[in-house]
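Colleague: Model the following, please.
(4 chains)
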Number of protein chains: 2
Amino acid sequence: MSTCGSSANNECSGPRKAGRPSDVTKRQGIIDMAARHFFEHGYAATAIEQIAADAGVSKVTIYNQFGDKRALFAAAVACECEKLRGHFSLDAMPQGTIRERLTAIGEAICAFLSRPEMIQFDRRIAAETETEPAIGEVFLDAGPRRMKHGFAAYLRYCAETGELVLDDPELAAEQFVSLCKGMDDLERRFGAAVTPENFERRIAGAVDVFLAAYGVACHR
Amino acid sequence: MSTCGSSANNECSGPRKAGRPSDVTKRQGIIDMAARHFFEHGYAATAIEQIAADAGVSKVTIYNQFGDKRALFAAAVACECEKLRGHFSLDAMPQGTIRERLTAIGEAICAFLSRPEMIQFDRRIAAETETEPAIGEVFLDAGPRRMKHGFAAYLRYCAETGELVLDDPELAAEQFVSLCKGMDDLERRFGAAVTPENFERRIAGAVDVFLAAYGVACHR
DNA sequence: GACAAAGTGAACGGCTCCGTTCAATTAAAC
DNA sequence: GTTTAATTGAACGGAGCCGTTCACTTTGTC
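Modeller: Numbers count the residues shown, from 1 in each chain, chains lettered A, B, ... in the order given. Predicted coordinates:
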C-alpha cells in the first residue's frame, strides 16, 4: 500500500544487472507485514517465519533481502516514519479567529496522536530504543520534532501578523501541544480507555491558558 | 532493601504451620532482582535462571514462591508501584511567593520523572500493558493519578487562600505538569540526551504561562 | 530427636525460533 | 536459448529458556 522502500532503490547509473530482478512488490509486502507484526506484538514476540507466511513469501527471501531480524525491524520503522512525514502539512490551515484556529489545530493534533496504531507504535519504538538508540532518533526526527517545528513556524507567523505576542515560538509550540495532550496520552499508553468528554474540555482549557499567556488581549 | 512483599504475608489467624518457614528475605531478594532485570532488559529478554543466580537462589525456589514468570513480573511491578506511593507527599511544601513555590514544585516533578530508572520503568510497563492491562492500571493509580490528585489538592488550597484563581484544580494540575514536562519526557523516552539548559527555561516558561492564566494579577 | 516444609543442584523434555544450507524452480536480461 | 540471479520448500544445527522432576540438604517447629 505504501511506497516507502523506494528510497534506496534508484540504481540509475549502474548497468542493468542480468538475471531475474528482485521483486519490489514482494519487498514492500514483507515490510508491511513486518511492521504489522512488530508493532502489534513486539519485536521479540514476532517470528520471522510468521511474517514470511503472512506475506506469502519464503523465509529465505527475507534473509536474502534484509539479512537480519534487526535489519528488517529497522526497515519497518524507517518505512513507518516515512509515512509519518506526510502527516504534517501547513496547507489546509483552518480559518476563523485565532481561538477557533487553535482549537481546530489542537483537536487535529490530539486526534492524530491518540489513534491506537500511534499508541502502539510509540510503545514499540520506545521499548526498542534501548537496544538501538538510532531507532528512537529516527522517530523523533520524523515525528515529534517535525510537528513541533511546523507548528512553531505557524505560531511565528501568527506573531508577525499581530495575533499573538510571543518571543519563543518553539517553546510556545511545545507548551500548546503539551497542554492539549495533558496526561491523556500517558493514560492511554497505560491502557486506560479514551474519554471523549474530557477531550473537549482539555482542548478548550489548553486554548484558554495559551491565549491568556500569549493572546494580544493580555498584553495591551 | 524495600519491604513491599509484606502486603499478603499477614497470616495472623492461621495456626503456625509446622516445618521450615519460607524465608522472607529470599522472597524480597528475588523480587528486587527480578525488578532489576525486567525493567532493565525487558520481560522477554529476562531469563528466570539469571534472576535466580543473581539473587543467590535456586530457580526452583522462584517457581515454588511465584509459580510463573508472569506472576513474578506482576509481583515486581506491584513492588515498584508500592515504592512510588511514598514519593508524593505534600508535607515539605516550599515557601516563598507563589511563583517561587510553583517553580520549586515544577523542578521537583521534572527531576523525579526524568530519572533514568523512571524512564525505563515507564517503557517496560507501557510495553507489557498490552498483554496485561491490569499492570498499566496499577501503575496509573500508584503513580500519575496519585501525583495529579495530590497536586490538584494543593492548587485548590492556593485558590482558597486567594493566591490563584481557578475553578478546575484537576485540569489546572494536569496543565501545569504537562507544561513542565513539555516534550522532554518524550525525547528522553526515545533516547535523546538530557539538556539541562532547556530544563530551566521550560520550567520558567511553564510558571509564566500558568500564572498568566491563573495568577491573581491577570484577574484583577 | 522427630517431623514437616522450604531450599538446592542437576538434569531433562519440550518448545520456539534464528539463521544457514541445498537442490530445484522461476523469471527476467542478453 | 543461454545466462544470471531471485525465489522457494524443506530440512537442519544450535541456542535459549520455561517449567518440571527428583533426590538431597537445610532449617525451622512440636
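Colleague: From now on I want contacts and neighbour counts done on CA atoms only, so please keep to that.
Modeller: Noted.
Colleague: interface residues of chain A facing chain B?
Modeller: A:44-45, A:123-127, A:129-130, A:133, A:136-137, A:139-140, A:171, A:174-175, A:178-179, A:181-183, A:187, A:189-192, A:202, A:205-206, A:208-210, A:212-213, A:218 (C-alpha under 8 Å from any C-alpha of the partner chain).
Colleague: Filter these down to just the ones in helices.
Modeller: The helices, defined by DSSP state H, take in A:123-127, A:129, A:133, A:136-137, A:139-140, A:171, A:174-175, A:178-179, A:181, A:187, A:189, A:202, A:205-206, A:208-210, A:212-213 from these.
Colleague: and those residues, which are buried?
Modeller: Buried members of those, counted by 16 or more other C-alpha atoms under 10 Å in any protein chain shown: A:123-127, A:129, A:136-137, A:139-140, A:171, A:174-175, A:178-179, A:181, A:187, A:189, A:202, A:205-206, A:208-210, A:212-213.
Colleague: Those residues also near DNA strand D: which ones?
Modeller: By C-alpha under 7 Å from any atom of the strand, no member of these lies near DNA strand D.
Colleague: Identify the residues contacting stretch A:101-110?
Modeller: A:93, A:94, A:95, A:176, A:177, A:180, A:181, A:203, A:204, A:207 (C-alpha atoms under 8 Å, 6 or more residues apart in numbering or on different chains).
Colleague: check contacts around residue A:182.
Modeller: Contacts of residue A:182 (C-alpha under 8 Å, 6+ apart): A:202, B:174, B:175, B:178.
Colleague: and what of residue A:74?
Modeller: residue A:135.
Colleague: redo that, cut-off 10 Å
Modeller: A:31, A:35, A:66, A:68, A:80, A:132, A:134, A:135, A:138 (C-alpha atoms under 10 Å, 6 or more residues apart in numbering or on different chains).
Colleague: Quick one: the contacts of residue A:182 as a markdown table, columns for pLDDT and distance to residue B:23 too.
Modeller: A markdown table is the format used below for the contacts of residue A:182 (pLDDT from 0 to 100; distance: C-alpha to C-alpha, whole Å):
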| residue | pLDDT | distance to residue B:23 |
| --- | --- | --- |
| A:202 | 95 | 50 |
| B:174 | 97 | 43 |
| B:175 | 98 | 47 |
| B:178 | 97 | 44 |
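Colleague: Please identify which of those is nearest to residue B:163.
Modeller: residue B:175 (17.4 Å; C-alpha to C-alpha).
Colleague: For chain A, list the residues in contact with DNA strand C, please.
Modeller: For chain A, the contact set with DNA strand C under C-alpha under 7 Å from any atom of the strand comprises A:15-21, A:44-49, A:59-60, A:63, A:67-70.
Colleague: 10 Å - rerun?
Modeller: Chain A comes close to DNA strand C at residues A:15-23, A:43-52, A:58-64, A:66-72, as judged by C-alpha under 10 Å from any atom of the strand.
Colleague: Can you tell me how far the closest residue to residue A:65 other than its chain neighbours is from DNA strand D?
Modeller: Of all residues not flanking residue A:65 in the chain, residue A:27 sits nearest, at 7.6 Å (C-alpha to C-alpha, 6 or more residues apart in numbering or on different chains). Distance, residue A:27 to DNA strand D, by C-alpha to the nearest atom of the strand, to the nearest Å: 7 Å.
Colleague: Where do the strands of chain A begin and end?
Modeller: Using DSSP state E, chain A contains no strands.
Colleague: Tell me the residue of it that sits nearest DNA strand C?
Modeller: Of all residues in chain A, the one sitting closest to DNA strand C is residue A:47 (3.3 Å; C-alpha to the nearest atom of the strand).
Colleague: How many residues are close by that residue?
Modeller: 14 (other C-alpha atoms under 10 Å in any protein chain shown).
Colleague: Next up, the contacts around it.
Modeller: A:34, A:37, A:38, A:41, A:69.
Colleague: now stretch A:61-79, how far from the chain's geometric center?
Modeller: The chain centroid and the centroid of stretch A:61-79 are separated by 20 Å under C-alpha atoms, centre = their mean, to the nearest Å.
Colleague: Pull out the buried positions in it.
Modeller: Going by neighbour count (16+ other C-alpha under 10 Å), the buried part of stretch A:61-79 is A:62, A:66, A:69, A:72, A:73, A:74, A:75, A:76, A:77, A:78, A:79.
Colleague: Find the nearest non-adjacent residue to the fourth one, please.
Modeller: By the measure of C-alpha to C-alpha, 6+ apart, the closest residue to residue A:72 outside its immediate chain neighbours is residue A:66, 5.7 Å from it.
Colleague: can you pull the pLDDT of that neighbour?
Modeller: pLDDT, residue A:66: 95.
Colleague: Equivalent analysis for the one 4 residues further on, please.
Modeller: What the model reports for residue A:70 is a pLDDT of 93.
Colleague: right, and it touches residue A:132 too?
Modeller: Yes: using C-alpha atoms under 10 Å, residue A:70 is in contact with residue A:132, at 9.2 Å.
Colleague: Can you pull the domain assignment for chain A?
Modeller: A:20-84, A:89-219 (automatic domain parsing).
Colleague: Tell me which of those sits nearest to residue B:148.
Modeller: domain A:89-219 (9.2 Å).
Colleague: closest to DNA strand D among the buried residues of stretch A:61-79?
Modeller: residue A:62 (7.3 Å).
Colleague: In chain A, which residue sits nearest DNA strand D?
Modeller: Nearest residue of chain A to DNA strand D (C-alpha to the nearest atom of the strand) works out as residue A:19 at 2.6 Å.
Colleague: Quick check, pLDDT for that residue.
Modeller: 76.
Colleague: Residue A:91 too?
Modeller: At residue A:91, pLDDT is 65.
Colleague: residue ranges with poor pLDDT in chain A?
Modeller: Applying pLDDT under 70 to chain A flags the ranges A:1-17, A:90-92, A:218-220.
Colleague: the helices in chain A, which residues?
Modeller: Going by DSSP H, chain A shows helices at A:24-41, A:48-54, A:59-66, A:69-85, A:98-113, A:116-129, A:133-142, A:144-160, A:169-181, A:184-189, A:196-214.
Colleague: Redo the ones you listed as a markdown table? Include distance to residue B:114.
Modeller: Formatted as a markdown table, the helices of chain A follow (distance: least, C-alpha to C-alpha, whole Å):
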| stretch | distance to residue B:114 |
| --- | --- |
| helix A:24-41 | 26 |
| helix A:48-54 | 35 |
| helix A:59-66 | 36 |
| helix A:69-85 | 25 |
| helix A:98-113 | 22 |
| helix A:116-129 | 15 |
| helix A:133-142 | 17 |
| helix A:144-160 | 18 |
| helix A:169-181 | 16 |
| helix A:184-189 | 15 |
| helix A:196-214 | 24 |
